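> sequence-free structure coming up:
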């Protein structure tokens, strides 16, 4: 359904500035934003996918991936069509790019905020995520859902490309507990040519979300010959460490997808190399993803190296949590995260 997209600002001659994401589209009458789901109608901005879920599922929270947020629990995941980026490697391109490739049509089932929260409550699911596509483009839908979730004691998550504006983060922060943010590369060329975006807004959003007190984990999909040089991986690790060495970094294996079918899967050795680079730069929590590697999926105490959380399985979802009140049971060191 359509709903007023109030995170916007009217301009002269019935133009509207969308303030949700860093594309900051200024739209004429009947013009859609780069996301394909925010449109200027008669001088007002509307969201065309409010309460319309194209994908929803009950997932292990580790699948987001979030490894320091309620480990071993389920999360109710919801997504719509549309995205403000156009990543050539998108694994969910059938929904993320659908409006832009189908004359701005949308699809999905009605799933209103009240229904989402009621499902989570009924099934005793402790958290809700907007994921599968970029959550900030459906900001008003997410905001209403998360505000209601918090009133019912349910935690909330964004799985994001990191293109939120400061205005969006200011408004959502009181109702957003955690965010896994993609840091897709560390060059502006990659973002411009492959994602239809820029690097700087992502770096700024990560820093700002951290300052707002949102629990942050970072994911980098390593694509051969695109963002996999030692120098670039080290730059990413240094950037994360400059904010907080306790921010988990998820290094994920690429598989050919969408418009990048010509690229080979990421070599396992490259993932291991990136893992070591992260550790060399002082990151306390580095993980590999899209492969089964129990040693590099598990969490270790940064002080005594005791394995405080055992993970096995393709997304590390088989979890044995040995933490005691968020601390290492061997040396009592605090392990940063959201544990309850």
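That came through fine. For clarity, every value in this text was computed on a predicted model and none was experimentally measured. Numbering: from 1, shown residues only.

> Tell me which residues touch residue 340, please.
By Cβ atoms under 8 Å, 6 or more residues apart in numbering, residue 340 lies in contact with 70, 326. To be clear about C-beta, it is placed using only N, CA and C from the backbone, and glycine gets the same treatment.

> could you pull out the helices for the chain?
Applying DSSP state H to the chain gives helices spanning 93-96, 98-101, 113-122, 139-151, 166-172, 188-190, 199-211, 230-243, 268-280, 294-297.

> Just want the most central residue of the chain.
Central residue of the chain (Cα atoms, centre = their mean): residue 159, 2.1 Å from the mean position.

> pretty sure that residue contacts residue 133?
No: contact criterion Cβ atoms under 8 Å: residue 159 and residue 133 do not qualify, at 9.2 Å.

> before we move on, the earlier item: now do the contacts for the nearest residue to the residue nearest to the centre of the chain once chain neighbours are set aside.
With sequence-adjacent residues excluded and distances taken as Cβ to Cβ, 6 or more residues apart in numbering, residue 159 is closest to residue 131, at 3.7 Å. Going by Cβ under 8 Å, 6+ apart, residue 131 touches 64, 77, 78, 79, 157, 158, 159.

> Return the per-residue confidence for residue 131.
Residue 131 is assigned 98 on the pLDDT scale.

> mind checking how far it is from residue 279?
28 Å (Cβ to Cβ, to the nearest Å).

> if we can go back for a sec, who does the residue nearest to the centre of the chain bridge with?
residue 180 (DSSP bridges).

> dump the residue contacts of it.
Taking Cβ under 8 Å, 6+ apart, we find residue 159 in contact with 64, 129, 130, 131, 132, 135, 179, 180.

> Redo these as a markdown table? Include distance to residue 270.
Below are the contacts of residue 159 laid out as a markdown table (distance: Cβ to Cβ, whole Å):
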| residue | distance to residue 270 |
| --- | --- |
| 64 | 23 |
| 129 | 28 |
| 130 | 31 |
| 131 | 26 |
| 132 | 26 |
| 135 | 29 |
| 179 | 26 |
| 180 | 21 |
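
> which pair in the residues you listed spans the largest distance?
132 and 179 (14.6 Å; Cβ to Cβ).

> More neighbours: the two, which one.
residue 179 (29 against 22; other Cβ atoms under 10 Å).

> Go ahead and confirm the more buried one touches residue 214.
Yes: the pair residue 179 / residue 214 is scored as a contact, 5.5 Å apart, by Cβ under 8 Å.

> Just give me the closest of the contacts of residue 159 to residue 9.
Using Cβ to Cβ, residue 135 comes nearest to residue 9 of those, at 20.7 Å.

> what sits against the residue lying closest to the closest one once chain neighbours are set aside?
Closest residue in space to residue 135, ignoring its immediate chain neighbours: residue 158 at 4.7 Å, by Cβ to Cβ, 6+ apart. Taking Cβ under 8 Å, 6+ apart as the criterion, residue 158 is in contact with 129-131, 135-136, 142, 164, 172, 176, 178-181.

> Go again with 6 Å.
Going by Cβ atoms under 6 Å, 6 or more residues apart in numbering, residue 158 touches 130, 135, 179.

> can you redo those residues as TSV with distance to residue 42?
Output for the contacts of residue 158, formatted as TSV (distance: Cβ to Cβ, whole Å):
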residue	distance to residue 42
130	28
135	27
179	34
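
> This completes my enquiry, with thanks.
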